[in-house]
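S.K.: I would like to see how this sequence folds:
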Amino acid sequence: MEINLTAEETNKLNNLWKTSRFKRSWRAVKNTVNCSQKVKNYFVRNIILLFFSFIVGGGLFLLKDMGLLSDSIFVDKLMMFIVRLILFLLVLQILSVLIFAFIGPGWESNQKDKLRRLYESEILVPILQIIYLSAKIDIEHDISPNNVEEVVPAAKYYIQSGILKLNNEKDIEIVDLYAHTIPRRYHHKKKKENILMILPILSDRYIQ
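M.R.: Predicted coordinates for the structure are as follows:
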């Protein structure tokens, strides 16, 4: 989707990207997104280290039992180090899983809320206000249910996620809408149900 911008709007957008505040906000958005990936990488790294330690330790024990590895203080210390490393990694992984299982859901929810607030207030709104000077995001109200039903009459359940108000001459309002025919708690049991996502066009300008 491409919006035809005036030379002045293009210049303002380019200057916006160069401001320290926008760069700082963009880094914060990227850090928030990457944070979840870092947690996944942490668990994967622990599993790989644990697997590698099992392979090396098991290989050394096997070689020693077969008589292919001579007795020495160095070998004994190395095998003891690997055993301790395996025990440490096992305890660390178990504790990490238990801690994440306890605080993980709340942490992930907070991360999503933080990302949404950052993106909406520090990224999306400043960009939109270059094109629509009075544009804002209203997270306290929803589009009227009657208007929603006109768009998705077959759906029974609706989840709205804020209203994007352009406050232009046509007074256009856009809502991020998730509409479905069954309660969300049953989605994993009935994957063939009609789940509908509305993806609105965010502009009344000429779009190519």
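
S.K.: So which residue is smack in the middle of this protein?
M.R.: Most central in the chain under Cα atoms, centre = their mean is Val33, positioned 5.2 Å from the mean C-alpha point.

S.K.: mind listing what that one touches?
M.R.: Leu115 (Cβ atoms under 8 Å, 6 or more residues apart in numbering). In short, each C-beta sits where N, CA and C put it, glycine included.

S.K.: Make sure Ser96 is indeed in a strand.
M.R.: No. Checked against DSSP: H, G, I helix; E, B strand; the rest coil, Ser96 lies outside a strand; its state is helix.

S.K.: Show the pLDDT at it.
M.R.: The model reports Ser96 with a pLDDT of 88.

S.K.: Tell me the spacing between it and Glu173.
M.R.: Between Ser96 and Glu173 the computed distance is 45 Å (Cβ to Cβ, to the nearest Å).

S.K.: could you give me the average pLDDT of stretch 147-167?
M.R.: Averaged across stretch 147-167, the pLDDT comes to 75.

S.K.: correction: stretch 66-81
M.R.: What stretch 66-81 shows for mean pLDDT is 78.

S.K.: how about that stretch as CSV, C-alpha atoms only?
M.R.: Output in CSV follows, covering the C-alpha atoms of stretch 66-81 (Å, rounded to 0.1, in the frame of the first residue of the first chain):
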residue,chain,number,x,y,z
MET,A,66,37.1,-49.3,27.2
GLY,A,67,40.7,-48.6,28.3
LEU,A,68,41.3,-46.1,25.4
LEU,A,69,41.8,-43.2,27.8
SER,A,70,44.7,-43.4,30.2
ASP,A,71,44.3,-42.5,33.8
SER,A,72,45.6,-39.0,34.6
ILE,A,73,44.9,-36.2,37.0
PHE,A,74,43.9,-34.0,34.1
VAL,A,75,41.4,-36.5,32.7
ASP,A,76,39.9,-37.0,36.2
LYS,A,77,39.6,-33.3,36.8
LEU,A,78,38.1,-32.8,33.3
MET,A,79,35.5,-35.5,33.9
MET,A,80,34.6,-34.1,37.3
PHE,A,81,34.2,-30.6,35.8
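
S.K.: Show me which residues of it are buried.
M.R.: Within stretch 66-81, the residues scored as buried using 16 or more other Cβ atoms under 10 Å are Met79.

S.K.: can you list contacts of that stretch?
M.R.: Against stretch 66-81 from outside (Cβ under 8 Å, 6+ apart): Gly57, Leu60, Phe61, Leu63, Lys64.

S.K.: which among the residues you listed gets closest to Phe51?
M.R.: Using Cβ to Cβ, Gly57 comes nearest to Phe51 of the contacts of stretch 66-81, at 10.9 Å.

S.K.: related to what we said a few turns ago, would you say the residue nearest to the centre of the chain is within a strand?
M.R.: No. With three-state DSSP as the criterion, Val33 is assigned helix and is not in a strand.

S.K.: mind checking pLDDT for it?
M.R.: On the pLDDT scale, Val33 gets 81.

S.K.: ditto for Val44
M.R.: Val44 carries a pLDDT score of 90 in this model.

S.K.: element containing it, please.
M.R.: Here Val44 sits within helix 20-65, counting by DSSP states H and E.
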